[in-house]
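Participant: Starting from these lines, generate the structure:
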Amino acid sequence: MEKIIECVPNFSEGRDSQKIKAIVNVGRISGVKILDIESDPDHNRMLTTIVGEPEKVFASVWEMIKIATKLIDMEKHKGEHPRIGATDVVPFIPVANVTMEECVALAKRLGKRVGEELQIPVYLYEAAATRSDRVNLADVRKGEYEGLKKEIEENPERKPDFGPAKMHPTAGAMVVGARKFLIAFNVNLDTKDVTFAKDIAKLVREKDGGFPAVKALGFEIKEKNYVQVSMNLCDFEKTNMDTVFRKIKEEAEKRGVKILGSEIYGMAPKAALAGINLDKLQLIDFKNEQILENRL
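Facilitator: Numbering: from 1, shown residues only. Sure thing, here's the model as predicted:
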């Protein structure tokens, strides 16, 4: 039986189409499918969804990381989304006939190679984490690029798992790990006041007493004159999109704010959509191709 994994590397570039193409194109190697490319100029961030046999996916993402390291300068990077590096986050996800342990082994191998060959500090997170305070991505990225630049050299607690205890001069640092399938789900609110989005994000995220396996932040999307509750649903079997959407709608209405719509950013497995009325989610621009199984 064929082994299949998914990898969703996130890069700190969502505006320069030439750089985005260059990064993606080197990952188009035999034996993998690049199922999705999502770039967001507001967040100044791009993610790709790579699926295939483990060794091929590993080779594909390695090529992408090398090019991103050359092309992206974190000293000049500005964007709404938290980040610490040019290649910011690289998670490996088991899809078929692969264990989480195998994905952890891949993550550690990639981290070691990036640290040694590219001299980029690497932190392991989620199932690959070597410390309890590094399981959560938000904890690893605390202080973002600007804060970590100082902390990594002065605070022993911020010493990376691989590579030097010093930021790469242009590529920053990187987070690599293994996790369950994650759904990036955003809900847009019809207001310019980011306080609403931040307050509601706090109510739905797990770390502040909200829903299990939900991470959430509130952002202002200036160019579009609205604010957004941006979420990662880290285990849709524990908390799915309909649950958080209902709560956000309820809290927005309490504050006299309307929902403009919601977005699935990237891919989602068919199981995550089962039993959900997509019309009630007010989904914007959702395509059948975003369902993982449809693309395989």
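
Participant: any weak-confidence spans in the stretch 151-296 of the chain?
Facilitator: Within the stretch 151-296 of the chain, the stretches with pLDDT under 70 are 296.

Participant: just the strands in the stretch 51-200 of the chain please.
Facilitator: 87-96, 122-126, 174-178, 183-189 (DSSP state E, counting those that start in this stretch).

Participant: Just send those strands back as a markdown table, with mean neighbour count and distance to Gln290 too.
Facilitator: The way it works is simple: take the backbone N, C-alpha and C, and place the C-beta from them, glycine included. Shown next, in a markdown table, are the strands of the stretch 51-200 of the chain (neighbours: other Cβ atoms under 10 Å; distance: least, Cβ to Cβ, whole Å):
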| stretch | mean neighbour count | distance to Gln290 |
| --- | --- | --- |
| strand 87-96 | 24 | 16 |
| strand 122-126 | 26 | 23 |
| strand 174-178 | 29 | 23 |
| strand 183-189 | 23 | 10 |
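
Participant: Dump those strands into CSV; add distance to Gly111 as well.
Facilitator: Shown next, in CSV, are those (distance: least, Cβ to Cβ, whole Å):
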stretch, distance to Gly111
strand 87-96, 9
strand 122-126, 4
strand 174-178, 5
strand 183-189, 23
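
Participant: what residues go with each domain of this structure?
Facilitator: Under the assignment automatic domain parsing, the domains of the chain span 4-178, 183-295.

Participant: Buried deepest among the ones you listed, which one?
Facilitator: Most buried of the domains of the chain by mean neighbour count (mean count of other Cβ atoms under 10 Å) is domain 4-178; its value is a mean of 19.

Participant: Please, where are all the helices along the stretch 1-150 of the chain?
Facilitator: With helices called from DSSP state H, counting those that start in this stretch, the stretch 1-150 of the chain shows them at 17-26, 54-71, 100-113, 137-140, 144-154.

Participant: Export stretch 70-90 to CSV, keeping only CA atoms.
Facilitator: Extracted in CSV, the C-alpha atoms of stretch 70-90 (Å, rounded to 0.1, in the frame of the first residue of the first chain):
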residue,chain,number,x,y,z
LYS,A,70,17.8,33.1,-1.1
LEU,A,71,14.8,35.2,-2.1
ILE,A,72,13.1,36.4,1.1
ASP,A,73,14.7,39.0,3.4
MET,A,74,13.1,39.1,6.8
GLU,A,75,14.8,42.4,7.6
LYS,A,76,12.4,44.0,5.1
HIS,A,77,9.3,41.8,5.7
LYS,A,78,6.1,43.3,7.0
GLY,A,79,2.7,41.6,7.3
GLU,A,80,-0.3,41.0,9.5
HIS,A,81,0.5,37.3,10.2
PRO,A,82,2.9,36.2,13.1
ARG,A,83,6.2,34.9,11.6
ILE,A,84,9.8,34.2,12.5
GLY,A,85,11.4,33.3,9.2
ALA,A,86,11.4,33.2,5.4
THR,A,87,10.2,29.6,5.5
ASP,A,88,8.2,30.1,8.6
VAL,A,89,6.5,26.8,9.4
VAL,A,90,6.8,23.3,7.8
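
Participant: and it, how far out from the chain's middle?
Facilitator: Put simply, stretch 70-90 sits 12 Å off its chain's centre (Cα atoms, centre = their mean, to the nearest Å).

Participant: residue with max distance from the center of this protein?
Facilitator: The centre of the chain is farthest from one residue, Gly256, which by Cα atoms, centre = their mean lies 30.7 Å away.

Participant: And that one, how far from Asp193?
Facilitator: To Asp193, Gly256 is 11 Å away according to Cβ to Cβ, to the nearest Å.

Participant: and if you look at Phe211?
Facilitator: Between Phe211 and Asp193 the computed distance is 24 Å (Cβ to Cβ).

Participant: Check Ala165 too.
Facilitator: For Ala165, the distance to Asp193 - Cβ to Cβ - is 40 Å.

Participant: And Ala68, by the same measure?
Facilitator: 35 Å.

Participant: Also Glu53?
Facilitator: Separation of Glu53 from Asp193 (Cβ to Cβ): 48 Å.

Participant: what do you get for Pro121?
Facilitator: Here the criterion is Cβ to Cβ. By it, Pro121 lies 37 Å from Asp193.

Participant: what's the answer for Leu47, then?
Facilitator: Distance of Leu47 to Asp193, computed by Cβ to Cβ: 28 Å.

Participant: Can you show me the helices along the stretch 151-296 of the chain?
Facilitator: Under the criterion DSSP H, counting those that start in this stretch, helices of the stretch 151-296 of the chain are mapped to 194-204, 241-254, 270-273, 292-295.

Participant: need the ones you listed in a markdown table with distance to Leu106, can you?
Facilitator: Output for the helices of the stretch 151-296 of the chain, formatted as a markdown table (distance: least, Cβ to Cβ, whole Å):
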| stretch | distance to Leu106 |
| --- | --- |
| helix 194-204 | 31 |
| helix 241-254 | 28 |
| helix 270-273 | 23 |
| helix 292-295 | 19 |
